[in-house]
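I'll drop the sequence and a predicted model, then ask my questions.
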Amino acid sequence: MATTSTTVGRSAAFSKRAFLTILGVLIGAVLAFRLGQTIYDQVWGPEVWIRNLINGLALGAVYALIALGYTLVYGILFMINFAHGEVLMLGAMAGFFVLDASINSGFLDYNTLLTIVIVFIAGMSVAVVVGVLLERIAYRPLRGAPRLVPLISAIGASIFLQNAALQAFGANVKIYPTPQITGLSGGQRFGDVFVANTSIMIMVLAIITMVALVLLVNRSRFGKAMRAVAEDKPTAQLMGIDVNRIILLTFALGSLLAGMAGVMLGFHNRQVTHMVGFMPGLKAFTAAVLGGIGNVPGAMLGGFFLGLAESLGPTAFQIPSAYKDVIAFGLLVLILIFRPTGLMGERLSRERA
Amino acid sequence: MRAALLPATRPGLVGGGAAIAIVVLGMVTALNERELAGLPVGNLLVGLIVLAVGYRAARDAVGAGSRLVAGLVAGLTAGAFLALFMLFTRVPGVSEKLVQTEPEDTDAILFGMGAGGAALLAVFGAGLGVLGGVLASLPALPTGWLRAVAGSGRLRLILVALLSLLIVGLALAFLFGLVVAVVGVIVLAGLELALLGGALASLPPLPARLRQVLPKSGAGRRRLDPVALLTLLIMAVVLIVVPMAFGQYFNHVSTTVGIFVLMGLGLNVVVGYAGLLDLGYVAFFAIGAYAMAILSSPEQGIEVNFWLALPIAMAVSGISGTLLGIPVLRMRGDYLAIVTLGFGEIIRIFSQNLTDLTGGPQGVRDIARPELAEQEFTTLLFANPQQFYFYLIATGVVLVAIISAHLLSSRIGRAWVAMREDEDVARAIGIRVVRYKLLAFTIGAVFAGLGGAIFASRQNSIFPNDFTLIVSINVLCLVIIGGMGSVRGVVVGSVALIALPEILRELAEFRLVTFGALLVFMMIVRPQGLLPAGRSLVSGPASLDIAAPPAEA
Amino acid sequence: MTAPPLLEVRDLHTYYDNIAALRGVSLTVSEGEIVALIGANGAGKSTLLKSITGLTPPRQGEIFMEGRRLNGVPAHAVVRLGVAMVPEGRQIFGRLSVYENLEMGAFTRTDTDAVQRSFDRVFELFPRLAERREQIGGTLSGGEQQMLAIGRAIMAAPRLLLLDEPSMGLAPILVQQIFRTIREINREGASILLVEQNANAALSLANRGYVLRVGQIVIEDAAEALKENKQVKEAYLGGH
């Protein structure tokens, strides 16, 4: 428990801790009671639980991928890339256009797997281009400015991209024709539980990607340079690391993940509009903060945690699912009350937050 | 000379990209419906971009010859980039996806000649680029006389304002006709006067008794400036006369601006003074609005009078500000930002789903209008209710502006500034940080609650969709664009962000796109805002700087 | 005509905003030399090193490394020209392991065999680092961090090594060890520009020395002579 008190007296610190403990126990008790009630009354059969568990994992995997983009950028620049959700949306759009073209040309009928791969590559490439342009145009000129300045710029970029997509591609909903794609349509049945193929694809792909990412960050030359830049930019320069290049590559990497998540969401939800980046972006950002922003494993943990909470929360506590966003944000508030720098956050809020 | 070639392609690519963007967004098509001196405005805009690109590229080059070459290269690059893209849109299927680019329009850009047209376009671009290069080579215009005339300080402000009024008015009249131009000029004039009024609000023209109640002004007693007093009088007259002279539309726009000024002043306390980044500020606006609605609408059966509901709504909003503040104020910086953002969303979701209380998506209807002595005040004195709201909001804005200017120069304000600059130091010198944070949050919430309550009454019915995240963002942006921590800045920011888009309805569909791009542009060019808090308002640095590390190379 | 000196600084002016930190500094470091730069707090010693490495580019004046102009070369490219720096306060990467810190030192080098030799050499010079190679940098003691910072600079295989207050905050016995290592590095071919407050130790190690005061070089002489210089004795050597 990080105590932020420097001059607060011992008794005050104690009473704060006591207050938090009591609050924690109370909240825990209420939730446990409600959960016990749900289980005891056997409100849901096991298949409901398992179905929601799997949905939560798939959703969490997507959140985690997006959250990684926030956390990578935050870790290196200490700024919230508010336009990250829009990068995702443009990736999903690009994926749609390629998919559409491949259907119209009949390419899909002969090369299903190849089409899916190309759709992902298209979505990811467009996302990378957008992310890189974003950094060059909207963020790089603001290096070293007060913290709110790049945040506002990011908000501006977000508004611009969202409405530019609306203007350019129209407000109509674009349908990802998932059911026409063999392998992605339908699902698998495990006993009583039906799992959509897209959920399986999301989980497998996301987990492979995350393992690769962890290896990249921890083992590769680029990953180490990225961590060095995150920690100390002038000294990293003394090592011969081109800080601007590393930052640009970090944006590219985060955008790549966002593009992948965008295409995943497109296949899974079967539709794209100019608004699809907004809520997932917000949730994933929440997830990144939950895990401790700037922390790579934290973002993954936060993503899965949030996905599961959203999916299982209404089931477990018998809350209408309209309130699932309330659960997400309420959880965020609760966790930050008890752990002000997130689940896995380092205690660096003093210097950086 | 060869050295100038490669760098010049960069502005060319940027300009080409910009030109493509406005084509794809449909701006060219939309603007081409108007003509300027016989030329379609949209195409003119594209030409202007290429010209600017040539100018920009040439400015970086040294020597007349390489300037022209740089302009040529940049223009050629931009033209060729645009031409290539236009050819791409002719690929079957592409233009259907780009809903704004009609094939006829894109054909027109290629002079209706396909590939040959593309080449022509590139050549055309090169020509414009050279022209830009020529412009860049001209000697700078003598601007000394302007500076001499303008003098310094307030006089210059007024002069520049009048000049910009004239220019903006002429441009608007040219583009959109007389009516819009008049409204634009009036609102801008109002802005100018409000701006001077804001300056006066930082003077203490308060009755002695009120001065005792309010915290003591740190600036000490200042003599009333007669010029300032005169402008204040003029402003008052204009404020009273203008809403009578103009119709409902003008009053609607100006009351909307006023409501945003109220919110902006509140958020300015939280973000600008105390340095707490609140991204869910709309929550308090919503709480104030719903409090007013539930208390006064017959739907809930309470039906309280407007004048009673107003203070209650403000109190409810203030209390919720305190309640939210207690758990979250231990967090710092970005964590606080996201939690407040979440809070804003939670309030909206509740308003959408607590159907018994808020009416859910159907909202609350028949919210009370302010009445005086059983008489419909509005029918008694005013041509339309909007006029009354204008006066109500103007009064509110003036009061809130005075209060917030005085807060800043009080002990409380200094504690906030100290806290904002360095929380640990503030704590070490004995400032009770949590208490002052709570105070900032509460005051901010009260102001927003006031705005929300009046908003609910003016709208007559409110819906959850009135209270989305975009409101929070708008308010934050207007505070920052106006100049953080500055009362005048909030007024300017509100006019810039709320009134201008409202008035430029002709460009309605491009409003948000332009707005977003302008925000980015503004942050790059003038991050401290249009009217940053001067040294007279804040003793410390003008811009908010929550522990930003010094710039690195 | 003789070869140009390894490092030449000519009339350097560096500003922080509008405050002059360096006001016309000129100095040279020749091949194989150890040059000490001494001066009080705020004299501009660190600024000079940062100007050479490009971290705070000068406003006026010129810097040459082996005859190549360094002005305008970005900081990250200066390393490739053979200049490495041990910054003030060590500035090791606290969240990277010892080994990773050293890897970062060799970031610009591609010859893996040569890099491996540098690793071996660093671990030979500082056996402590070899023992702790997987440890996270932030958990090292002050002395170990200084060793790591120097080791990291060695990893760049520099022709010129800039050291900013390597003795700061270290116990005397560690200072001796660090200075011995610096001499060894110098014998192996790197020239050294050493910024120190501990003037006595620095001048014992160096061939030549400069005294910097309020942004200007006030005395320049052989190290031995500086040690005997009355002014220097009074101002910087004190009770030592």
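Yep, it's here. Numbers count the residues shown, from 1 in each chain, chains lettered A, B, ... in the order given.

pLDDT weak spots in chain B?
Chain B contains residues with pLDDT under 70 at B:1-4, B:36, B:139-247, B:332, B:371-386, B:500-508, B:533-553.

quick check: domain ranges of it?
Domain assignment for chain B, taken from automatic domain parsing, gives B:2-137, B:158-525.

those residues of chain C touching chain B, which are they?
Contact residues (Cβ under 8 Å from any Cβ of the partner chain) of chain C with chain B: C:G54, C:L55, C:T56, C:P57, C:P74, C:A75. No exception for glycine: its C-beta is placed from N, CA and C like everyone else's.

what kind of secondary structure is the third one in?
Reducing the assignment at C:T56 to three states with DSSP: H, G, I helix; E, B strand; the rest coil gives coil.

list the helices and strands the helix ranked longest in chain C packs on?
Ranked by residue count and defined by DSSP state H, the top helix of chain C is helix C:172-187. For helix C:172-187, the packing partners by 3 or more Cβ pairs under 8 Å, 6 or more residues apart in numbering or on different chains; DSSP states H and E come out as strand C:34-38, helix C:112-125, helix C:142-154, strand C:191-196, helix C:199-205.

sort out which residues of that helix are buried, please.
Residues of helix C:172-187 classed as buried by neighbour count (16 or more other Cβ atoms under 10 Å in any protein chain shown): C:L174, C:V175, C:Q177, C:I178, C:F179, C:T181, C:I182, C:I185, C:N186.

re the thing from before, adding distance to A:I152 and mean neighbour count, write the domains of chain B out as TSV.
Shown next, in TSV, are the domains of chain B (distance: least, Cβ to Cβ, whole Å; neighbours: other Cβ atoms under 10 Å in any protein chain shown):
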stretch	distance to A:I152	mean neighbour count
domain B:2-137	21	20
domain B:158-525	5	20
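
counting by contacts, list what the helix or strand hosting A:D325 packs against.
A:D325 is part of helix A:324-338 when elements are defined by DSSP states H and E. Contact analysis of helix A:324-338 by 3+ Cβ pairs under 8 Å, 6+ apart lists helix A:10-40, helix A:278-291, helix A:296-317, helix B:306-328, helix B:333-353 as its packing neighbours.

as PDB, could you dump the C-alpha coordinates of that helix?
C-alpha atoms of helix A:324-338 as PDB (Å, rounded to 0.1, in the frame of the first residue of the first chain):
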ATOM      1  CA  LYS A 324     -22.000  -3.100 -17.700                       C
ATOM      2  CA  ASP A 325     -20.100   0.100 -18.400                       C
ATOM      3  CA  VAL A 326     -20.900   1.300 -14.900                       C
ATOM      4  CA  ILE A 327     -19.300  -1.900 -13.700                       C
ATOM      5  CA  ALA A 328     -16.200  -1.200 -15.700                       C
ATOM      6  CA  PHE A 329     -15.800   2.400 -14.500                       C
ATOM      7  CA  GLY A 330     -16.900   1.600 -11.000                       C
ATOM      8  CA  LEU A 331     -14.300  -1.100 -10.800                       C
ATOM      9  CA  LEU A 332     -11.800   1.400 -12.000                       C
ATOM     10  CA  VAL A 333     -12.700   3.900  -9.300                       C
ATOM     11  CA  LEU A 334     -12.600   1.200  -6.600                       C
ATOM     12  CA  ILE A 335      -9.200  -0.200  -7.700                       C
ATOM     13  CA  LEU A 336      -7.700   3.200  -7.900                       C
ATOM     14  CA  ILE A 337      -8.900   4.000  -4.400                       C
ATOM     15  CA  PHE A 338      -7.100   1.100  -3.000                       C
END
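
starting at the chain centroid, how far to that helix?
Mean-position distance between helix A:324-338 and its chain equals 16 Å (Cα atoms, centre = their mean, to the nearest Å).

C:V211 in helix, strand or coil?
Relying on three-state DSSP, one would call C:V211 strand.

and C:G61, by the same measure?
C:G61 carries the three-state label strand when classified by three-state DSSP.

in the chain, which helix or strand is least confident?
Picking chain A for this. helix A:349-352 (a mean of 38; mean pLDDT, DSSP states H and E).

can you look at chain C instead?
Lowest on mean pLDDT, DSSP H and E among the helices and strands of chain C sits helix C:230-232, with a mean of 84.

what pLDDT does residue 100 get?
All of this refers to chain A. On pLDDT, A:D100 comes in at 89.

you looked at the wrong chain, it should be chain C
Checking the pLDDT column for C:E100, the value is 95.

swap in A:G254?
Here, the pLDDT recorded for A:G254 equals 96.

one more: A:T71?
For A:T71, the model assigns a pLDDT of 94.

next, count neighbours for it.
30 (other Cβ atoms under 10 Å in any protein chain shown).

over to the one 3 residues further on?
When neighbours are counted by other Cβ under 10 Å, A:Y74 registers 23.

surely it and A:G292 touch.
No. With contact defined as Cβ atoms under 8 Å, A:Y74 does not count as touching A:G292 (10.2 Å).

what touches both of the two?
Overlap of the contact sets of A:Y74 and A:G292 (by Cβ atoms under 8 Å, 6 or more residues apart in numbering or on different chains) is empty.

contact partners for A:P297?
A:V214, A:G291, A:M344.

and if we set it to 10 Å?
A:L68, A:T71, A:M210, A:V214, A:V217, A:G291, A:L343, A:M344 (Cβ atoms under 10 Å, 6 or more residues apart in numbering or on different chains).

again with C:V175
Counting by Cβ under 10 Å, 6+ apart, C:V175 touches C:G143, C:Q146, C:P166, C:S167, C:M168, C:G169, C:N198, C:A201.

could you rerun that using 6 Å?
Going by Cβ atoms under 6 Å, 6 or more residues apart in numbering or on different chains, C:V175 touches C:S167.

now the helices for the stretch 101-250 of chain A?
A:107-110, A:112-134, A:148-169, A:197-219, A:221-231, A:233-238, A:243-269 (DSSP state H, counting those that start in this stretch).

can I get these in a markdown table with distance to chain B?
Shown next, in a markdown table, are these (distance: least, Cβ to the nearest Cβ, whole Å):
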| stretch | distance to chain B |
| --- | --- |
| helix A:107-110 | 13 |
| helix A:112-134 | 9 |
| helix A:148-169 | 3 |
| helix A:197-219 | 21 |
| helix A:221-231 | 10 |
| helix A:233-238 | 5 |
| helix A:243-269 | 7 |
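
want to throw the ones you listed into CSV with distance to B:L399 and mean neighbour count?
As requested, these are exported to CSV (distance: least, Cβ to Cβ, whole Å; neighbours: other Cβ under 10 Å):
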stretch, distance to B:L399, mean neighbour count
helix A:107-110, 65, 15
helix A:112-134, 42, 20
helix A:148-169, 28, 24
helix A:197-219, 54, 16
helix A:221-231, 48, 21
helix A:233-238, 47, 24
helix A:243-269, 46, 25
